[in-house]
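[1] Mind folding the following:
(one chain, ligands or ions: 1)
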Amino acid sequence: MTHDPATIERLYCQLRRIRRVEEEIVRIYPTDKIKSPVHLSIGQEAVAVGVCDNLGPDDILYGTYRGHAIYLAKGGNLDRMMAELYGKQDGLAAGKAGSMHLGDVAAGMIGTSAIVGTTLPLSLGHAFALRRRGSAAIVCVFFGEGAMDEGVFHETANFAALKKLPILFVCENNRYAIYSHVKDRMPEVNLCERAEAYRIPARRIAGGDIFAIRAAAAEAVAAVRAGGGPRFLECETQRWRDHVGPGEDLHIGYRTAADLASWRAGDQNARLAGLLGAAARERIDAEVEAEIARAMDFAEKSPFPAAHTMYDHVYR
Ligand SMILES: Cc1ncc(C[n+]2csc(CCOP(=O)(O)OP(=O)(O)O)c2C)c(N)n1
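    Next comes the predicted model:
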């Protein structure tokens, strides 16, 4: 199947931007300038990019502590994200939230959380509010397959289906909750069946193909927007780095080098780079590097928040 050059460029630009941002986080992390734990999406970017390519600026996004990729794919502000990771005043939450709690109303990214499953019911409430307001926007909520071990997934799916709420559920199935394989946690690993039990139409996209993810998401977003109620996508993927932090993790022994290598061989970043002409690729790469350099400089130069603001915006 052929894809139009503008789409390839747009998708590649986002994939490349997210990959390079997170590679820079890996590089900088040992300096301790980043004041927050980081959960990287290196290897998983195609899910965020393929899905978010179908969302508009007014659509709403919720996610998890593994939130850099979705925030950037939704059109997030890299300067403010990096300042947040640095704990600086110009960060998205003035440096108080860190990597695990990215939120930016202007980008429609309302919240991410360190607590597994918590943004599912928040996304449900938001969808209910959009419906009551007669809004044309939809809510898209990303979560790992680990969140489907939580009761709150079922409560959210049930109510969303019952009320036909405008939610797209996106499960990034990287098969591991920290180091525990999905087969060691669930008697049946067909995640779509769980959504279908609530009469939510569901699709599994195997293999991490960005065009397949984008096409499935386009169909699902259109159905949700048309008032057809929630849809569920299970996107198979693989994180390349450790669950948390910048490191590699093969030495831990919970997964095999061959498994990881097979996913690395299917890297969508490299695939799309190969579909572009050299001139377009070099232009995009240069733009991405310039944006990252500016963002790092912005984060470095931003001041730390004043001590007297410590308890501002904090419930106590
Ligand atoms: C309610 C809750 N239980 C347990 C944890 C500890 N914990 C943090 S991440 C994680 C794994 C979640 O895996 P998954 O949802 O598949 O997402 P991934 O990290 O693979 O993106 C667990 C169990 C937590 N943060 N919150």
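[2] show me what contacts the closest residue to the ligand within the stretch 151-300 of the chain?
    Residue nearest to the ligand within the stretch 151-300 of the chain (CB to the nearest ligand atom): Ala177, separated by 3.4 Å. Every residue, glycine included, has its C-beta placed from N, CA and C. Listed by CB atoms under 8 Å, 6 or more residues apart in numbering, the contact partners of Ala177 are Val116, Gly144, Glu145, Gly146, Asp149, Arg185.
[3] any chance you could read off phi and psi for it?
    Torsion angles at Ala177 (phi, psi; degrees, to the nearest 10) stand at phi -100, psi 110.
[4] how far away is it from Ile8?
    34 Å (CB to CB, to the nearest Å).
[5] Flag the shaky bits of the stretch 101-250 of the chain, pLDDT-wise.
    Residue ranges of the stretch 101-250 of the chain with pLDDT under 70: none are present.
[6] The ligand contacts on that one?
    Within the stretch 101-250 of the chain, the positions near the ligand by CB under 6 Å from any ligand atom are 114-117, 144-147, 174, 176-178, 243.
[7] which residues in the stretch 151-300 of the chain form helices?
    Ranges of helices within the stretch 151-300 of the chain are 151-162, 191-196, 210-225, 257-265, 268-275, 278-301, based on DSSP state H, counting those that start in this stretch.
[8] Columns distance to Pro37 and mean neighbour count on top of the ones you listed, output as JSON lines?
    Below are the helices of the stretch 151-300 of the chain laid out as JSON lines (distance: least, CB to CB, whole Å; neighbours: other CB atoms under 10 Å):
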{"stretch": "helix 151-162", "distance to Pro37": "23", "mean neighbour count": "19"}
{"stretch": "helix 191-196", "distance to Pro37": "26", "mean neighbour count": "18"}
{"stretch": "helix 210-225", "distance to Pro37": "27", "mean neighbour count": "20"}
{"stretch": "helix 257-265", "distance to Pro37": "22", "mean neighbour count": "12"}
{"stretch": "helix 268-275", "distance to Pro37": "24", "mean neighbour count": "18"}
{"stretch": "helix 278-301", "distance to Pro37": "17", "mean neighbour count": "15"}
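[9] what about those helices, which gets the closest to Arg203?
    helix 210-225 (5.2 Å; CB to CB).
[10] Tell me who's in contact with the nearest residue to Arg225 once chain neighbours are set aside.
    Using CB to CB, 6 or more residues apart in numbering and skipping the chain neighbours, the partner closest in space to Arg225 is Ile138 (5.5 Å). By CB under 8 Å, 6+ apart, the contact set of Ile138 is Leu55, Asp59, Ile60, Ala127, Leu130, Pro166, Ile167, Leu168, Val221, Val224, Arg225.
[11] Next one: the residue in the chain that the ligand sits nearest to from Gly91, what distance?
    The nearest approach of the chain to the ligand comes at Gly144, 2.2 Å away (CB to the nearest ligand atom). Applying CB to CB, the value for Gly144 to Gly91 is 25 Å.
[12] Three-state assignment for the most centrally placed residue in the chain, please.
    Centroid check for the chain by CA atoms, centre = their mean gives Ile70 as the closest residue, at 3.2 Å. Counting by DSSP: H, G, I helix; E, B strand; the rest coil, the backbone at Ile70 sits in helix.
[13] can you give me the helices in the stretch 1-150 of the chain?
    5-28, 45-52, 68-73, 78-85, 119-133.
[14] sorry, back to before: quick check: the residue nearest to the centre of the chain touching Ile60?
    No: if you go by CB atoms under 8 Å, Ile70 and Ile60 don't touch, sitting 11.8 Å apart.
[15] Give me the neighbour count for Met100.
    18 (other CB atoms under 10 Å).
[16] next one: the one 3 residues further on
    The burial metric for Gly103, expressed as a neighbour count using other CB under 10 Å, is 19.
[17] cool, Leu250 as well?
    Neighbours of Leu250 (other CB under 10 Å): 12.
[18] again with Ser113
    Per other CB under 10 Å, the neighbour tally for Ser113 reads 19.
[19] Also the one 5 residues further on?
    Residues within reach of Thr118, counting by other CB under 10 Å, total 18.
[20] Report the contact partners of it.
    So Thr118 contacts Val152 (CB under 8 Å, 6+ apart).
[21] Can you tell me how far it is from His101?
    Counting by CB to CB, the gap from Thr118 to His101 is 11 Å.
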